[in-house]
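Participant: my questions concern the predicted model and sequence given below.
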Amino acid sequence: MSIIEVEGLSFGYSSEREVIRNVSFRIEEPSFVCIVGPNGVGKSTLIRCMNGLVSPTEGRVRIFGRDVSDYSPKELARTMSYVPVMTSDFNVLTVLDTVLIGRYAHQRWRTTDEDIEVAYKALEAMEIGDLSMRNFNELSAGQHQKVSLARGLVQEPRVLILDEPTSNLDVRHQMYVSAFLRLLVRKTGMTVIMVSHDLNLSSKFADKIIVMSPPGILYGMGEPKDVITERMIEDVYKVECDIVDDHGVPHVMLQSVVPDG
């Protein structure tokens, strides 16, 4: 049984504005998967269809063999967690209370000691345990991103979907979060799906890469060495580059782009 099966998926906000077109792929085993592609090719829309936030105009998404629409909200929350690109909600709460909201799928009547323990472990994993009693609205954009990640982790899902989780993070923390997510897959068997604009970060840490291309179509899916190629960069991004081998991992060295005029 596939973990996730996307079949003939299309979505448009109107008949004249189709964002993704006839996208199909399968994720067969626990893995760290990055979705890459230029701006506006439907990466965020694709993951919103995958987690049931929007309904496709055509096609279907199955999670562990069941259509995503067949899950109840609480059942889906125990199965799949979604962390958007940036959030400013719950800004009057403490960091701990913000993260505990992610435990709602496991809670009954009240917050338990186990819920608090899980929340603190997630905060420590994101290296922000010392911020637990700070108000969310007092934090930097990068710290906001880490709190959002912790809130996704405490759901303890089987599938974790992240929309640009390394945005607003400095280079060290981009590397740390990416390495942490890959280790999470290895240790827990969770599947992590991450939208990213960083081709080299994706290539270094992902097991598989999904490439989306204009006009919202699937260009390819595979291991980094098979997908991150000079031909793909030119076809999808319209940029020339050199690919160098970094200990078996393709590394993109872009050539300069000079604006006209």
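Facilitator: That came through, no problem.
Participant: touching stretch 222-232 from outside, list them.
Facilitator: In this structure, residues lying in contact with stretch 222-232 by CB atoms under 8 Å, 6 or more residues apart in numbering are 199, 202-204, 206-209, 211, 219-221, 240-243, 248-250, 252. Where you see a C-beta, it was placed from the backbone N, CA and C, and this is true even at glycine.
Participant: what residues sit buried inside that stretch?
Facilitator: Neighbour counts using 16 or more other CB atoms under 10 Å place 224, 227-229, 232 of stretch 222-232 among the buried residues.
Participant: which of the contacts of stretch 222-232 fall in strands?
Facilitator: 208-209, 211, 219-221, 241-243, 249-250, 252 (DSSP state E).
Participant: quick one: which of the residues you listed has the most company?
Facilitator: residue 211 (27 neighbours; other CB atoms under 10 Å).
Participant: OK, contacts around the closest residue to that one other than its chain neighbours?
Facilitator: In this structure, residue 211 finds its nearest non-sequential neighbour in residue 219, 4.2 Å apart by CB to CB, 6 or more residues apart in numbering. By CB under 8 Å, 6+ apart, the residues touching residue 219 are 37, 211-213, 232, 235-236.
Participant: if we use 6 Å, what do you get?
Facilitator: 211, 213, 236 (CB atoms under 6 Å, 6 or more residues apart in numbering).
Participant: so where do the helices sit in the stretch 51-200 of the chain?
Facilitator: 73-79, 95-100, 113-125, 141-153, 171-188, 199-205 (DSSP state H, counting those that start in this stretch).
Participant: mind putting these into CSV with mean pLDDT, mean neighbour count and distance to residue 12?
Facilitator: Supplementary listing: the helices of the stretch 51-200 of the chain in CSV, determined by pLDDT from 0 to 100; neighbours: other CB atoms under 10 Å; distance: least, CB to CB, whole Å:
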stretch, mean pLDDT, mean neighbour count, distance to residue 12
helix 73-79, 90, 15, 24
helix 95-100, 93, 23, 34
helix 113-125, 94, 17, 36
helix 141-153, 91, 22, 28
helix 171-188, 95, 16, 31
helix 199-205, 97, 22, 27
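Participant: can I get those helices in JSON lines including distance to residue 32?
Facilitator: Output for these, formatted as JSON lines (distance: least, CB to CB, whole Å):
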{"stretch": "helix 73-79", "distance to residue 32": "18"}
{"stretch": "helix 95-100", "distance to residue 32": "22"}
{"stretch": "helix 113-125", "distance to residue 32": "16"}
{"stretch": "helix 141-153", "distance to residue 32": "14"}
{"stretch": "helix 171-188", "distance to residue 32": "5"}
{"stretch": "helix 199-205", "distance to residue 32": "6"}
